[in-house]
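Visitor: Sequence first, then the predicted structure, then my questions.
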Amino acid sequence: DAGITQSPRHKVTETGTPVTLRCHQTENHRYMYWYRQDPGHGLRLIHYSYGVKDTDKGEVSDGYSVSRSKTEDFLLTLESATSSQTSVYFCAISERLAGVNIQYFGAGTRLSVL
Amino acid sequence: GQQVMQIPQYQHVQEGEDFTTYCNSSTTLSNIQWYKQRPGGHPVFLIQLVKSGEVKKQKRLTFQFGEAKKNSSLHITATQTTDVGTYFCAGTNTGTASKLTFGTGTRLQVTL
């Protein structure tokens, strides 16, 4: 969908280790987003980007950093993973169609921090 | 910050029964969108509502936006097993059209 690829799809890591998740898009969309999904919380925005090197925090940004050095890639880094960061992470892009800003999501990355 | 709550969190219905999920925002919204996520899948856009009191239909699905633009609902008539999934509302505020605040979601289970 919308040419979005997330990698890896699954990862198990240990507390205290750094982790980087990658989102790659092929259609030159300006806006990209990282969400986490947890039961009872829905989707919560971690960080988003509105262009190369232009990023901003979402509602749950603590413990996460992002980088966007080129249009097609948006990286999410957990500097020192904690068990509370065990979650499913979704990347999304925004595309404007018929006056509506629609978000298209990648397939998700399931991260377990032990 | 803005909060968007949905009720119920979970509903189990028999095929053919109706289903409604309600979405309530702590702030007035510029517009509201609805997404559906199938089990094991990713959210997929369904519709956007913009005007106060707006009602839109997609086959058996009816979407409403409240008069005060702080709440919304999704009603499914005569559910089918293909309706199984989690339904999310997501709102934007004026000046932040690029950011969505998602609701907590309602998981729908439909059995024969």
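Guide: Perfect, I can see it now. It should be emphasised that the depicted structure is a prediction, and the values quoted were computed from it without experimental measurement.
Visitor: my guess is residue B:60 contacts residue B:78, does it?
Guide: Yes: contact status for residue B:60 versus residue B:78: in contact at 6.0 Å, counting by Cβ atoms under 8 Å. (C-beta placed from N, C-alpha, C; glycine too.)
Visitor: more neighbours, those two?
Guide: More crowded of residue B:60 and residue B:78, by other Cβ atoms under 10 Å in any protein chain shown: residue B:60, with 14 against 11.
Visitor: Give the bridge partners for residue A:13, please.
Guide: Residue A:13 has these beta-bridge partners by DSSP bridges: residue A:113.
Visitor: ok, now how distant is it from residue A:61?
Guide: Relative to residue A:61, residue A:13 is positioned 20 Å away (Cβ to Cβ, to the nearest Å).
Visitor: Residue B:57 and residue B:63 touch, don't they?
Guide: Yes: contact criterion Cβ under 8 Å: residue B:57 and residue B:63 qualify, at 7.5 Å.
Visitor: so which strand or helix has the residue nearest the centre of chain B?
Guide: Residue closest to the mean C-alpha point of chain B, counted by Cα atoms, centre = their mean, is residue B:89 at 4.0 Å. Element membership for residue B:89 (DSSP states H and E) is strand B:85-92.
Visitor: which neighbours does the helix or strand following that strand have in its sheet, and in what orientation?
Guide: Next helix or strand after strand B:85-92 toward the C-terminus (DSSP H and E): strand B:101-102. Strand B:101-102 has the following strand partners under DSSP bridges: strand B:85-92 (antiparallel).
Visitor: roughly how far is the partner strand from the heart of the chain?
Guide: 5 Å (Cα atoms, centre = their mean, to the nearest Å).
Visitor: got a list of what residue A:56 touches?
Guide: By Cβ atoms under 8 Å, 6 or more residues apart in numbering or on different chains, the residues touching residue A:56 are A:47, A:48, A:49, A:50.
Visitor: what's in contact with the strand or helix carrying residue A:44?
Guide: Using DSSP H and E, residue A:44 falls within strand A:42-51. Identification of contacts with strand A:42-51 by Cβ under 8 Å, 6+ apart yields A:30-38, A:55-61, A:64-66, A:68, A:71, A:74, A:76, A:89-90, B:4, B:6, B:43, B:88, B:90, B:98-105.
Visitor: among those, which ones are buried?
Guide: A:31-37, A:55, A:58, A:60-61, A:64, A:66, A:68, A:74, A:76, A:89-90, B:4, B:6, B:43, B:88, B:90, B:99-105 (16 or more other Cβ atoms under 10 Å in any protein chain shown).
Visitor: Tell me which residues touch residue B:86, please.
Guide: B:36, B:37, B:105, B:106, B:107, B:108.
Visitor: Surely the second one is in contact with residue B:84?
Guide: Looking back up the chat, that one is residue B:37. No: the criterion here is Cβ under 8 Å, and residue B:37 misses it with residue B:84 at 10.4 Å.
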